[in-house]
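Visitor: build the 3D model from these lines:
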Amino acid sequence: MRKKKNKQLIKLILTKSKEICKSISKSQNTKRGRPKVYEDYIIISALLIKTLENLSLRDLEERLKELFPKVPDFTTLHYRLKKLSKSHLEELIEKTAQEILKVLKAKELHCLIADGTGFGYADSYFLRSKRGKELREVKAHIKTEVLVGVVRGKSFVVGVKAEEAYSDENRLLKEMLKKMFLRAKYFMGDAYYGKSVEVLKRIRELGMKAIVPVRDSMRMKVKNSYRRWAKRNYEEHKEVYKRYRYRVEQVIGVVKNLFGDRERVYEFHLGCLYVLGRFASYNLMVLVELLFCLFAMVCL
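Guide: From the prediction side, this is the model:
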């Protein structure tokens, strides 16, 4: 059973990688110069297979020989991955989310849940705040904003933003909400999201109820109309918040357990690609599981 799912997953990776590259190439102008020896879909497929099977670039080269007649060597893979745009993987996550919704036969999501997390990589980072005479050096991480959708008991990733360490979560969430393509009944997040009026305004424009813990302080009550609206929603729907809020942390935990929470790379861009590849792989796994169950039901 597991072997069949793995084969279907690899096939789905190849299919979706081709679809994403076709859709992006149509929207972009063709560039002059020497044509690429290896198409972008091969590089995207390679990245996802590397993530799924936890392969080094040398092992990945051997693995690709089983799938393609002509494959790049490990040095070419490294070079091409550095040139790959994050938009390819961001769009792949969005497209798979749309397809999952279609398979579940749902017109909208029950809720959207946002949260931030971090994925480490091998570089170091200097904190801006000084301790003594020297800057404090810490391990670098990639700030990742994750937007998870829940419908009919299934949790999947709707959007991901991977940026520099200590990036503002509200700013990253606002960028995702600007081009939001799915609708939901509720939006949930922790108290930090209740501080951004722009985020709450966008949520209301999308027709969602913002269930965010906004509270009065000891000396000042909430005055902004959008924050009062979110505060009222939270007080009325506390049970919904308690029931579904953990889903985003659950998805992040599953992704980190399956694929790890640190990459041994020094390039920030490569680290971002591997982070996005983790969440794209998670969505593909959910989609394969749903399609496999649907096929089993039809056969019965």
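
Visitor: which parts of the chain are strands?
Guide: Here the chain has its strands, by DSSP state E, at 109-131, 134-151, 154-163, 184-188, 209-211, 262-263.

Visitor: could you list the low-confidence segments of this structure?
Guide: 1-5, 25-33, 123-139, 218, 294-300 (pLDDT under 70).

Visitor: can you tell me which residue is spatially central in it?
Guide: Most central in the chain under Cα atoms, centre = their mean is Val160, positioned 3.1 Å from the mean C-alpha point.

Visitor: circling back: of the strands of the chain, which is nearest Glu94?
Guide: Glu94 lies closest to strand 154-163 among the strands of the chain, at 6.5 Å (Cβ to Cβ). All C-beta spots, glycine's among them, are computed from the backbone N, C-alpha and C.

Visitor: and the closest one with strand 184-188, angle?
Guide: 60 degrees (axes from the mean of the first three to the mean of the last three Cα atoms, to 10 degrees).

Visitor: from the contact counts, what lies against strand 154-163?
Guide: helix 86-103, strand 109-131, strand 134-151, helix 169-178, helix 246-259, helix 268-299 (3 or more Cβ pairs under 8 Å, 6 or more residues apart in numbering; DSSP states H and E).

Visitor: reformat these as CSV; add distance to Ile24.
Guide: Below are the helices and strands packed on strand 154-163 laid out as CSV (distance: least, Cβ to Cβ, whole Å):
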stretch, distance to Ile24
helix 86-103, 6
strand 109-131, 24
strand 134-151, 21
helix 169-178, 18
helix 246-259, 24
helix 268-299, 14
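
Visitor: can you list those in CSV and add mean neighbour count?
Guide: Output for those, formatted as CSV (neighbours: other Cβ atoms under 10 Å):
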stretch, mean neighbour count
helix 86-103, 20
strand 109-131, 17
strand 134-151, 19
helix 169-178, 19
helix 246-259, 17
helix 268-299, 19
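
Visitor: Tyr244 - nearest residue in space that isn't next to it in sequence?
Guide: Cys111 (5.3 Å; Cβ to Cβ, 6 or more residues apart in numbering).

Visitor: coming back round to it: could you dump the strands of the chain into TSV with distance to Tyr234 added?
Guide: Listed next are the strands of the chain as TSV, based on distance: least, Cβ to Cβ, whole Å:
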stretch	distance to Tyr234
strand 109-131	13
strand 134-151	18
strand 154-163	21
strand 184-188	9
strand 209-211	5
strand 262-263	35
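
Visitor: indicate which one of the ones you listed is closest to Trp229.
Guide: Ranking the strands of the chain by their distance to Trp229 (criterion: Cβ to Cβ) puts strand 209-211 first, at 7.0 Å.

Visitor: how far away from the center of its chain is that closest one?
Guide: 22 Å (Cα atoms, centre = their mean, to the nearest Å).

Visitor: who does that strand pair up with?
Guide: Paired neighbours of strand 209-211 in the sheet (DSSP bridges): strand 184-188 (parallel).

Visitor: now the strand it pairs with against helix 169-178, angle please.
Guide: Using the same axes, to 10 degrees, strand 184-188 lies at 170 degrees relative to helix 169-178.

Visitor: related to what we said a few turns ago, give the contact list for the residue nearest to Tyr244.
Guide: 149-150, 184-188, 240, 244 (Cβ atoms under 8 Å, 6 or more residues apart in numbering).
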